[in-house]
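J.: just the structure for this:
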Amino acid sequence: MPNSPDLDLLIQAARTSGEIATGYFNATPEVWEKSGGQGPVTEADLHVNRQLEADLQAARPDYGWLSEETEDGDARQATDRLFVVDPIDGTRSFIQGSEDWAHSLAIVENGIVTVGVVYLPMRDLMYTAQLGQGAQCNGVPLSTTKDKPIEAATVLTAKPNMDPKFWADEAPPFQRVFRSSLAYRLALVAQGQFDAMLTLRPTWEWDVAAGSLLVTEAGGTVSDQAGKLPGFNNAHPQLHGMVAAGGVHHQIIAALA
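T.: Okay, here's the model as predicted:
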């Protein structure tokens, strides 16, 4: 089935983003610390954001805009459709010279992600999904893993999420693995490379919008940490964490406090 015009638009925008970002990669870009402990931002993030906003808003002027690197406002909530963008997801990895950073681009319609792209230019991985039409990586269909015992599962998550306060009894004995980019974690779950990912802290929509569609279109399940389906374009654009998985989703949710 051919791509929708919106998906083609996001794919091209992601490739342009990759061309910009790779020009700064391992070239000591200028780095600033955001206020409020929100982490670092580089001149590459800001350059990519400017280009994305210019290109995407010119192509779809009636779509709203939500990006990590653009000051938020109320206008986006008056639109039926909007772009939800993280210009570089995994900025710390980018700064450190790791290749595990991504461009995350999504379109949300009435709170639901309809198109998503996660692109890792240094790894030449283009993950794409359209609502109801499946997910792919470089044109190859994706599928999440199926049911398995939780002790045999591999889960992408940061170490603080293993704190006993998050678990009803104790954290299940799954194998914990880490990748900096939440978007890449979701893509790897959609690809069946790992069984699940979870983040148990307030989660910005731009980090997970595109990747969440990849997982559901690959046959997996995505929820917040209470087991509820995530909705996007909230007035405050954060979710109550995220659990995304193949067949072990219900086991992880059941084990949480």
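J.: spatially, what comes nearest to residue 169 if we skip its sequence neighbours?
T.: Distances taken as Cβ to Cβ, 6 or more residues apart in numbering place residue 255 nearest to residue 169, at 7.2 Å, with adjacent residues excluded. Every C-beta, even on glycine, is put in place using the N, C-alpha and C of the backbone.
J.: ok, residue 46 next?
T.: Of all residues not flanking residue 46 in the chain, residue 69 sits nearest, at 5.9 Å (Cβ to Cβ, 6+ apart).
J.: so that neighbour is in contact with residue 43, correct?
T.: No: counting by Cβ atoms under 8 Å, residue 69 sits too far from residue 43 to count as a contact (11.0 Å).
J.: related to what we said a few turns ago, my guess is the residue nearest to residue 169 contacts residue 174, does it?
T.: No: assessed by Cβ under 8 Å, residue 255 is found out of contact with residue 174, at 9.6 Å.
J.: which positions in stretch 218-229 come out as buried?
T.: By 16 or more other Cβ atoms under 10 Å, the buried positions in stretch 218-229 come out as 218, 219, 220, 221, 222, 223, 224, 225.
J.: quick check: end-to-end length of that stretch?
T.: Distance across stretch 218-229, first residue to last, is 16 Å (Cα to Cα, to the nearest Å).
J.: show residues contacting it.
T.: 129, 134-135, 142-144, 166, 189-192, 198, 200, 212, 215-216, 230, 239-246, 249-250, 253, 256 (Cβ atoms under 8 Å, 6 or more residues apart in numbering).
J.: how about a cut-off of 6 Å?
T.: 135, 142-144, 190, 200, 212, 215-216, 230, 239-241, 243-246, 249, 253, 256 (Cβ atoms under 6 Å, 6 or more residues apart in numbering).
J.: and if you look at stretch 142-153?
T.: 135, 172-174, 190-192, 195, 218-220, 246-248, 251.
J.: equivalent analysis for stretch 181-199, please.
T.: 89-90, 100-102, 104, 118, 127, 135, 137, 142-145, 153-157, 179, 207-208, 211, 214-215, 218, 241-246, 248, 252.
J.: which members of those residues occur in strands, if any?
T.: 89, 102, 104, 118, 127, 135, 137, 154-156, 242-245 (DSSP state E).
J.: which one (most neighbours) among those residues?
T.: residue 102 (36 neighbours; other Cβ atoms under 10 Å).
J.: wait, it sits on residue 118?
T.: Yes: applying Cβ atoms under 6 Å as the test, residue 102 and residue 118 come out as touching, 5.2 Å apart.
J.: hmm, which helix or strand of this protein has the shakiest average pLDDT?
T.: strand 31-33 (a mean of 93; mean pLDDT, DSSP states H and E).
J.: which helices and strands sit right next to that strand?
T.: Counting contacts by 3 or more Cβ pairs under 6 Å, 6 or more residues apart in numbering; DSSP states H and E, strand 31-33 is packed against strand 40-42.
J.: rewinding a little: any of the contacts of stretch 218-229 buried? List them.
T.: For the contacts of stretch 218-229, buried by 16+ other Cβ under 10 Å: 135, 142, 144, 190, 200, 212, 215-216, 230, 239, 241, 243-246, 249, 253, 256.
J.: which residues in this structure form helices?
T.: Using DSSP state H, the helices of the chain run over 5-24, 43-59, 91-96, 182-190, 205-217, 249-255.
J.: any idea how far the fourth one is from the chain center?
T.: What it means is helix 182-190. 7 Å (Cα atoms, centre = their mean, to the nearest Å).
J.: give me the mean pLDDT for that helix.
T.: Mean pLDDT, helix 182-190: 98.
J.: angle of it against helix 205-217?
T.: 10 degrees (axes from the mean of the first three to the mean of the last three Cα atoms, to 10 degrees).
J.: how about helix 182-190: buried residues?
T.: Result for helix 182-190 [16+ other Cβ under 10 Å]: buried residues 182, 183, 184, 185, 186, 187, 188, 189, 190.
J.: using CSV, please lay out the residues you listed together with distance to residue 123.
T.: Shown next, in CSV, are those (distance: Cβ to Cβ, whole Å):
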residue, distance to residue 123
182, 16
183, 13
184, 9
185, 14
186, 15
187, 10
188, 11
189, 16
190, 15
